[in-house]
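Asker: sequence and predicted structure are below.
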Amino acid sequence: MANPWAGEVALVLDGQRHVMKLTLGALAELEEGLETGSLVALVERFEAGEYSSRDVLALIVAGLRGGGWQGRASDLLVAEIEGGPLSAARKAAELLARAFALPVESQ
């Protein structure tokens, strides 16, 4: 199970569950690969709903790598993400939010 207090988000990829996490190294790699060159700009795009599929893919790859996955972005081009592209976008947004905020306790 993914630990939201540790910034983790679960993702099912080709039927196998993975835990994604944006570690400092994963964030640095993500920032390096962004066309805008800024994590703040990426957060703003997600908040405004103006993110691209490239943004989603970059976040998923960074999160998977932060969780210990050894694959490459090209591996995801033919992979099946449970729930499809919309679920992938939600997971990417959740991952980004968890990297910079503590989760709210359920009541």
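Answerer: On my side now, so go ahead.

Asker: CA atoms for contacts and neighbours, from now on please.
Answerer: Will do.

Asker: tell me the helices and strands packed up against the helix ranked longest in the chain.
Answerer: Longest among the helix segments of the chain by residue count, using DSSP state H, is helix 84-100. Applying 3 or more C-alpha pairs under 8 Å, 6 or more residues apart in numbering; DSSP states H and E, one finds that helix 84-100 contacts strand 9-13, helix 53-66.

Asker: report the mean per-residue pLDDT for the last one.
Answerer: I take that to be helix 53-66. Across helix 53-66, pLDDT averages out at 93.

Asker: next, the angle helix 84-100 makes with that helix.
Answerer: Interaxial angle, helix 53-66 versus helix 84-100 (axes from the mean of the first three to the mean of the last three C-alpha atoms, to 10 degrees): 60 degrees.

Asker: what do you get for the first one?
Answerer: Using the same axes, to 10 degrees, the interaxial angle of strand 9-13 with respect to helix 84-100 works out to 150 degrees.

Asker: which positions within strand 9-13 qualify as buried?
Answerer: Along strand 9-13, these residues count as buried under the neighbour rule (16 or more other C-alpha atoms under 10 Å): 9-11.

Asker: which SSE is residue 40 in?
Answerer: Per DSSP states H and E: residue 40 is located in helix 39-48.

Asker: other residues contacting that helix?
Answerer: With contact meaning C-alpha atoms under 8 Å, 6 or more residues apart in numbering, helix 39-48 is reached by 31, 36, 51, 55, 93, 96.
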